[in-house]
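> A structural model of the following input is requested.
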Amino acid sequence: MTDDFAFTIKTLRFDEDYTPADSTRLTTNFANLARGESRQENLRGALRMIESRFNALATWDNAEGDRYGVELDIVSVDLAIGADGPAFPAIEMLKTTILDRWTGTRHDGLVGNNFSSYVRDYDFSVRIPEHNQGRAGFSVPDDFGDLHGQLFRSFLASDTYAAEFRKPPVICLSVSHNKVYRRTANRHPVLGAEYVPNETSLTEQYFGKMGMQVRYFMPEGSAAPLAFYHVGDLLNDYTNLELIGTIATMETFQRIYRPEIYNANAAAGEIFAPSLENPDYSLTRIVYDREERSRLATEQGQFAKDHLIEPHRAGLAEWSARQAA
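As a prediction, the model looks like this:
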């Protein structure tokens, strides 16, 4: 089956005129903003927040706070199985490019940032509930995340990825609202203060199967730490501008979607227990539909089951096992 596997990449600019493609998961951060009556105001506001945050972190030789612009491209990765089979929308990420207005040059940012996957929706919103139906306690299947992890690793190892991107991705997520985080003495000039959680999470284990490890940092001026999933050495493999692009982009999305944590009026202390019940926070002026995001996750997981998992179950299981071996 591996001979019949092929990845293809498409890119689409994320700007105030962006409209989600038919294959885009509608719960994805950027897609949710680009819908409804306020879509253009949402997009303008989010892009303005990203650029402002970038300049607030890139302070050197930037006295006016307007030296840099941030351009975002949506990277859509399709998976084709068989010569004549339809392409399945496997992964979507964001790629940043930094515009230096002083010099007129553009610098590559990082690919990753946001991470979108129908198969992940299937694993968390369909497979886990099916596995636990009728059980007394919660558990996950022994091979939970194996297929998704092997698909992601295969993409990173592909000629398709190497032809487009110079470095491995960095994916930036929110902290878990049911963990406790402790600030350490370690500080990075851009990423800020490092935090460590009191225990591992299912998300950490899931991304571990994708070949990614995680570190938690709270940049200067942030209200809470962010989770940085990476391959290799997060602190030394990437430039300051690359890291700032990821922070500015993903902290903006989190301030919109999880204001109780990332737009809180008090910043995280030495011991931090994130809570979605925190009443002391400010709302951005950007409209989104949190209820729709939760409901659509199950529908999107079912889409993956119907169009990828079930039609190719035996072949995918064989391929995944062979990759693991």
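> Please state the offset of the strand or helix carrying residue 52 from the chain centre?
Using DSSP states H and E, residue 52 sits within helix 39-57. From the chain centre to the centre of helix 39-57 is a distance of 18 Å (CA atoms, centre = their mean, to the nearest Å).
> Which helix or strand contains the one residue sitting closest to the centre of the chain?
With distances taken as CA atoms, centre = their mean, residue 114 lies nearest the centre of the chain, 2.6 Å away. Residue 114 belongs to strand 105-116 when elements are defined using DSSP H and E.
> Following element in sequence after that strand, please.
Taking DSSP H and E, what comes next after strand 105-116 is helix 118-121.
> who does that next one touch, helix- and strand-wise?
Under the contact definition 3 or more CB pairs under 8 Å, 6 or more residues apart in numbering; DSSP states H and E, helix 118-121 sits against strand 87-100, helix 146-156, helix 290-304. C-betas here are computed from N, CA, C, even on glycine.
> With just CA atoms, put it into PDB.
The C-alpha trace of helix 118-121 is given here as PDB (Å, rounded to 0.1, in the frame of the first residue of the first chain):
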ATOM      1  CA  TYR A 118      -9.900  15.100  10.400                       C
ATOM      2  CA  VAL A 119      -8.200  11.900  11.600                       C
ATOM      3  CA  ARG A 120      -7.600  13.500  15.000                       C
ATOM      4  CA  ASP A 121     -11.300  14.400  15.100                       C
END
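> Which positions within the next helix or strand after that helix qualify as buried?
Using DSSP H and E, the helix or strand that follows helix 118-121 towards the C-terminus is helix 128-132. By neighbour count on 16 or more other CB atoms under 10 Å, the buried set for helix 128-132 is residue 128.
> Walking through the stretch 201-325 of the chain, point out its helices one by one.
202-209, 240-257, 259-262, 290-304, 313-324 (DSSP state H, counting those that start in this stretch).
> ranking these by mean pLDDT, which is last?
Mean pLDDT per stretch puts helix 290-304 lowest among the helices of the stretch 201-325 of the chain, at a mean of 77.
> any residues touching the strand holding residue 114, and which ones?
With CB atoms under 8 Å, 6 or more residues apart in numbering as the test, strand 105-116 has contacts from 24-25, 28-30, 70-71, 75, 91-100, 164-167, 169-173, 229, 238-239, 241-243, 245-246, 249-250, 253.
> List only those of these flagged as buried.
24-25, 28-30, 70-71, 75, 91-96, 98-100, 165, 167, 169-173, 229, 238, 241-243, 245-246, 249-250, 253.
> Just the terminal-to-terminal distance for stretch 171-185.
24 Å (CA to CA, to the nearest Å).
> Centre of the chain to it, how far?
Using CA atoms, centre = their mean, the offset of stretch 171-185 from its chain centre is 15 Å.
> Please apply the same query to stretch 141-160.
16 Å.
> Enumerate the positions of that stretch that are buried.
144-156, 158.
> Could you do stretch 219-228 as well?
In stretch 219-228, counting by 16+ other CB under 10 Å, buried: 219, 222-228.
> what's that stretch in contact with?
Stretch 219-228 is contacted by residues 56-57, 170-175, 181, 190-193, 195, 214-218, 234, 246-247, 250-251, 254, 261-264, 266-268, 272, 274 when judged by CB under 8 Å, 6+ apart.
> Report the residue spans of the stretch 151-300 of the chain with pLDDT below the cut-off.
289-294 (pLDDT under 70).
> Can you say which of the helices of the stretch 201-325 of the chain is nearest to residue 45?
Of all those, the one in closest proximity to residue 45, counting by CB to CB, is helix 240-257 (8.6 Å).
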